[in-house]
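# Just a sequence and a predicted model for now, questions to come.
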Amino acid sequence: MRRNGLTKTLARWSCGLLLMVTAASALAVQDLLESYRLAQASDPQLAAAAAALRVERERLVQARAL
């Protein structure tokens, strides 16, 4: 009987630990993605490149219209 109780206790602790690690990993990934998005939004060089790409795409549209 004592061994069965110990096994159940270990299983419960293992499940709890697994849930905590999984939740922490999900939060870390979310923080990493948020950091990436913030860096993307505040990078002037990236914004300039995106604007140049939009301009070139619009030039193509206008050239095809002629």
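Good, I have the coordinates.
# contacts for the host helix or strand of residue 60?
For residue 60, the host element (DSSP states H and E) is helix 44-65. Helix 44-65 is contacted from outside by residue 40, using Cβ atoms under 8 Å, 6 or more residues apart in numbering. Placement of C-beta: from N, CA and C, glycine included.
# That helix - what's its average pLDDT?
When pLDDT is averaged over helix 44-65, the result is 94.
# can you check stretch 29-38 too?
82.
# do the same with stretch 12-22
If you average the pLDDT values across stretch 12-22, you get 79.
# With only the CA atoms kept, save it in CSV.
In CSV, the C-alpha atoms belonging to stretch 12-22 read as follows (Å, rounded to 0.1, in the frame of the first residue of the first chain):
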residue,chain,number,x,y,z
ARG,A,12,1.1,14.0,-9.3
TRP,A,13,4.4,15.9,-8.8
SER,A,14,5.6,15.0,-12.2
CYS,A,15,2.4,16.2,-13.8
GLY,A,16,2.5,19.4,-11.9
LEU,A,17,6.1,20.0,-12.8
LEU,A,18,5.4,19.2,-16.5
LEU,A,19,2.5,21.7,-16.5
MET,A,20,4.7,24.4,-15.0
VAL,A,21,7.5,23.9,-17.4
THR,A,22,5.1,23.9,-20.4
